[in-house]
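S.K.: Sequence first, then the predicted structure:
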Amino acid sequence: MMDVRPGRRRTSVHERPVIGIFGAGKVGTALARLLMDAGHEVLISGSPRQTALDLLVSVIAPGARVVSADALVDGADVIIAAVPFGKARSLPWHRFGGRIVVDAMNYWPPVDGNIAEIDDDLRSTSEINATLNPEARLVKSFNHLGYHEMEDDSLPAGSPLRRALAVVGDDAEARAVVARLIDEIGFDAVDGGPLANGRALEPGHAAFGRELSSAELTALMAGADHLVA
């Protein structure tokens, strides 16, 4: 049994972290299944409005453990934010200091409505989210792949058809930890550099929704500087 005592912090790329996922929707549960298949313990926290969450998760992500938001923060080594973008501020950002947090959210005006402060801000949405707790080790990944493709496109290492996913962030070690997770769930990880490059992964931009090889995505991310405000 993994040690998930409150306050435990494991950040080494060589360790197998416990994963906490905020969001029990299609993205969160698809990631949960992939991560559990890779041998990780997964904790999930959903919206208080979701009824019978334990039953839902037991059916669509059997093996994942439904916990409270506080228990997830206490028990997880890597936290994935997979809630609708408009719910981002409802997460306990005040507790994310020093934690590796993966921003898997996308701003979708048809779903979230137009948010003026986002529309008028030239920064990537992850840079904006990072201001909610500057001490969080925030990275951006998983958002540029559709939930229905996560399991369908997962392939063993070395496959010539393996699809690539990028990870961006200002903390190199945090990027490396998440890159290992990407590899474990069946994709080639591409280090996309600083958090500002996350703009390339957002809807309407170069990498979003595209089936790219590692070489193709690496080349694309190398040219992402023009997107930085």
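M.R.: Structure received. Numbering: from 1, shown residues only.
S.K.: I'd like the next helix or strand past the worst-scoring helix or strand of the chain on mean pLDDT.
M.R.: None of the helices or strands of the chain scores lower by mean pLDDT, DSSP states H and E than helix 109-112, at a mean of 87. As assigned by DSSP states H and E, the chain's next helix or strand after helix 109-112 is helix 116-119.
S.K.: centre of the chain versus the least confident helix or strand of the chain, how much separation?
M.R.: The chain centre lies 20 Å from the centre of helix 109-112; the measure is Cα atoms, centre = their mean, to the nearest Å.
S.K.: Show me where this structure has its strands.
M.R.: Taking DSSP state E, the strands of the chain run over residues 19-22, 42-45, 65-66, 78-81, 100-103, 137-140, 164-169, 188-191.
S.K.: which residues are in contact with the least confident helix or strand of the chain?
M.R.: With contact meaning Cβ atoms under 8 Å, 6 or more residues apart in numbering, helix 109-112 is reached by 84-86, 115, 119. Where C-beta positions appear, they are placed from N, C-alpha and C, glycine not excepted.
S.K.: Which one of the residues you listed is nearest to residue 213?
M.R.: Lowest distance from residue 213 to the contacts of helix 109-112 (Cβ to Cβ) belongs to residue 85, with 28.3 Å.
S.K.: Hmm, the closest one is touching residue 103, no?
M.R.: No. Residue 85 is beyond contact range of residue 103, at 9.5 Å (criterion: Cβ atoms under 8 Å).
S.K.: For the closest residue to residue 155 other than its chain neighbours, give me the pLDDT.
M.R.: Counting by Cβ to Cβ, 6 or more residues apart in numbering, residue 155 lies nearest to residue 162, which is 4.6 Å off, once chain neighbours are set aside. At residue 162, the pLDDT value in this model is 96.
S.K.: list the contacts for residue 162?
M.R.: With Cβ under 8 Å, 6+ apart, residue 162 has these contacts: 155-156, 186-188, 213-214.
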